[in-house]
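**Q** kindly generate the corresponding structure for this input.
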Amino acid sequence: QVQLVESGGGLVQAGGSLRLSCAASASGTILRIETMGWYRQAPGKQRELVASIPSAGTTNYADSVKGRFTISRDNAKNTVYLEMNSLKPEDTAAYYCNVVARHKYFLTTSNYWGQGTQVTVSS
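**A** Presented below is the predicted three-dimensional model:
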């Protein structure tokens with residue numbers, strides 16, 4: 001199993017910055033953490049990918065956040081970060097950490113989600 005603990009959400013004015021963190025604790029049959037990412041969901045809208053980062057390789061960003069958000073990870077700590085700059089009111093949403101973990105047996109993968117952290121950007 002993988003437990004995810006998120007932190008860093010809050011209320012900020014437009015143009016401001018926030019940093020989200022998500023620490024993953026793996027146990028049991030988990031071999032390793034692979035892709036880590038952030039999704040968000042605004043009221044009445046579908047959950048969407050914000051950014052993702054594989055264990056090795058290039059990062060991926062939604063077009064709406066390119067140039068403003070930066071995703072990074074500390075593999076030693078199994079922690080993923082999302083640095084959000086130049087925030088806009090339309091960035092207001094619940095942000096969810098997502099982790100893809102590979103199991104020891106049969107090498108299958110599973111998705112795990114954090115509890116969500118609210119980001120509110122006032123105009």
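**Q** could you pull out the strands for the chain?
**A** 2-7, 10-13, 18-26, 30-41, 48-53, 60-61, 69-74, 79-84, 93-103, 109-113, 117-122 (DSSP state E).
**Q** give the rounded mean pLDDT of the last one.
**A** Taken as a whole, strand 117-122 carries a mean pLDDT of 98.
**Q** name the helices or strands packed onto that strand?
**A** Secondary-structure packing of strand 117-122 (3 or more C-beta pairs under 8 Å, 6 or more residues apart in numbering; DSSP states H and E): strand 10-13, strand 18-26, strand 93-103. All C-beta spots, glycine's among them, are computed from the backbone N, C-alpha and C.
**Q** so what sits opposite Met36 in the bridge?
**A** Taking DSSP bridges as the rule, Met36 bridges to Ile53, Val99.
**Q** what's around it, how many residues?
**A** Neighbours of Met36 under the rule other C-beta atoms under 10 Å: 28.
**Q** hmm, it is touching Ala24, no?
**A** Yes - Met36 lies in contact with Ala24 (C-beta atoms under 8 Å); the separation is 7.2 Å.
**Q** picking that back up, CSV for the helices and strands packed on strand 117-122, including mean pLDDT, distance to Trp113 and mean neighbour count?
**A** Formatted as CSV, those follow (pLDDT from 0 to 100; distance: least, C-beta to C-beta, whole Å; neighbours: other C-beta atoms under 10 Å):
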stretch, mean pLDDT, distance to Trp113, mean neighbour count
strand 10-13, 97, 20, 13
strand 18-26, 96, 10, 18
strand 93-103, 96, 6, 20
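**Q** looking at the ones you listed, which is nearest to Arg40?
**A** strand 93-103 (3.9 Å; C-beta to C-beta).
**Q** by contact count, what packs against that closest one?
**A** Counting contacts by 3+ C-beta pairs under 8 Å, 6+ apart, strand 93-103 is packed against strand 2-7, strand 18-26, strand 30-41, strand 79-84, strand 109-113, strand 117-122.
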